[in-house]
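**Q** Whatever this is, show me its structure:
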Amino acid sequence: MTATIVAQQAINGIVLGSLYVLVALGLTLIYGVLVQINFAHADFVTLGAFSAYFFMHHAGGSYLASIGVALAVGAVLGWLINVSIFAPLRHKGSELLPLIATIGVSVMLQNAMLAWFGPVPYAFETPYSQQVFRIAGTFFTLQSAIIIVVSTITIALLYGFMKFTFLGKALRAVSQDRETAGLMGINQNQLIMLTFVLSSTLAGMGGAMLGPVLVLTPFAGASVIVKAFAIVIIGGFGNVEGTIIAGLVVGLIESYTTQFVNPGLTDIVVFTLLLLMLALRPTGLIAEKREENV
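**A** Coordinates of the predicted model:
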């Protein structure tokens, strides 16, 4: 029985960790290229969840198609925010201004969603949540399988893009030395735009898959983004590989803490790990090296 419980919680932890990784990777991309933090990332996650919900429950679309809709909404949001706010502020010569702006964007989006959608939670149900598979005493839903498969494919495509494509290598060059990359003919502004679009796309997709798992409210993303920040720090700021490992580790820790310790202590355990990491290895699981980031 114990082995079955351990296996079951491993499945649950991988599902949860996959969702965390999707959200945290967007933060990692922004920091890796721009050395900035986007506090509005949580609200991109929430808007992705709401767009998937309304597409499925009010437009009659399928859940899988709604993930694509959330992805597109996230991409458009990233483009708009960069063009209207971040691009003008980058030329002001202060790293603090974009950071403050993200807080303002977050407050604005939260209040806009509160006005549009109201404070009452939405029940985001999909037909896949009711389809349960049992294997060797463990069980998982088709919804969980979709989360793992979509997350794995997305992470693999992102990793391949960053490591093996021209644009991915150009992004890494900009993250290493923006001035030198510009002298080599790389268009920094286009790549920064691409970074924002990719980051927001991941946030929108993460929201579409988090929606059926969480209680959907205008502040749903805030409950996940704190964990995402912890994962980015534990993995090593700006490091994609470290973020992936840390996200899965946090998901497993939460799952096993819920089963064997106390569900109310999951956040305490996770942030105790964060404090220990900051004290013992402040560079994260994979040490931050600018030439290896992103």
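**Q** all contacts plus neighbour counts: C-alpha atoms, from now on.
**A** Noted.
**Q** Just to be sure, Pro119 is in a helix?
**A** No. The assignment for Pro119, made by DSSP: H, G, I helix; E, B strand; the rest coil, is coil rather than a helix.
**Q** Flag every buried residue along whichever strand or helix holds Ala246.
**A** Here Ala246 sits within helix 240-260, counting by DSSP states H and E. In terms of neighbour count (16 or more other Cα atoms under 10 Å), helix 240-260 has its buried residues at 240-257.
**Q** Stretch 105-116 too?
**A** Val105, Ser106, Leu109, Gln110, Met113.
**Q** Output that stretch as CSV, restricted to C-alpha atoms.
**A** The C-alpha atoms that make up stretch 105-116 are tabulated as CSV, following Å, rounded to 0.1, in the frame of the first residue of the first chain:
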residue,chain,number,x,y,z
VAL,A,105,0.1,46.8,-15.0
SER,A,106,-0.7,44.0,-12.5
VAL,A,107,-3.0,46.2,-10.4
MET,A,108,-4.7,47.5,-13.5
LEU,A,109,-5.3,44.0,-14.9
GLN,A,110,-6.6,42.6,-11.6
ASN,A,111,-9.1,45.4,-11.2
ALA,A,112,-10.2,45.2,-14.9
MET,A,113,-10.8,41.4,-14.4
LEU,A,114,-12.6,42.1,-11.2
ALA,A,115,-14.9,44.5,-13.0
TRP,A,116,-15.5,42.3,-16.0
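**Q** What are the boundaries of the helices in the stretch 51-200 of the chain?
**A** 63-81, 87-90, 96-117, 142-164, 166-176, 178-183, 188-210 (DSSP state H, counting those that start in this stretch).
**Q** Please identify the buried residues of the first one?
**A** This points to helix 63-81. In helix 63-81, counting by 16+ other Cα under 10 Å, buried: 63, 66-79, 81.
**Q** same thing with the fifth one?
**A** Buried positions in helix 166-176, judged by neighbour count with 16+ other Cα under 10 Å: Gly168, Ala170, Leu171, Arg172, Ala173, Val174, Ser175, Gln176.
**Q** now the angle between helix 188-210 and that helix, please.
**A** 110 degrees (axes from the mean of the first three to the mean of the last three Cα atoms, to 10 degrees).
**Q** what residue ranges in the stretch 1-150 of the chain score low on pLDDT?
**A** Scanning the stretch 1-150 of the chain for pLDDT under 70 picks out the ranges 1, 93.
**Q** and the lengthiest helix in the chain, what does it pack onto?
**A** Determined from DSSP state H, the single longest helix within the chain is helix 2-34. With contacts taken as 3 or more Cα pairs under 8 Å, 6 or more residues apart in numbering; DSSP states H and E, helix 2-34 sits against helix 41-57, strand 138-141, helix 142-164, helix 166-176, helix 188-210, helix 220-235, helix 240-260.
**Q** Turn the helices of the stretch 51-200 of the chain into a markdown table, including distance to Ile234.
**A** Output for the helices of the stretch 51-200 of the chain, formatted as a markdown table (distance: least, Cα to Cα, whole Å):
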| stretch | distance to Ile234 |
| --- | --- |
| helix 63-81 | 25 |
| helix 87-90 | 28 |
| helix 96-117 | 21 |
| helix 142-164 | 18 |
| helix 166-176 | 20 |
| helix 178-183 | 26 |
| helix 188-210 | 19 |
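**Q** how about Thr141, what does it touch?
**A** If a contact means Cα atoms under 8 Å, 6 or more residues apart in numbering, then Thr141 has Tyr128, Ser129, Gln130, Gln131, Val132, Phe133 as its contacts.
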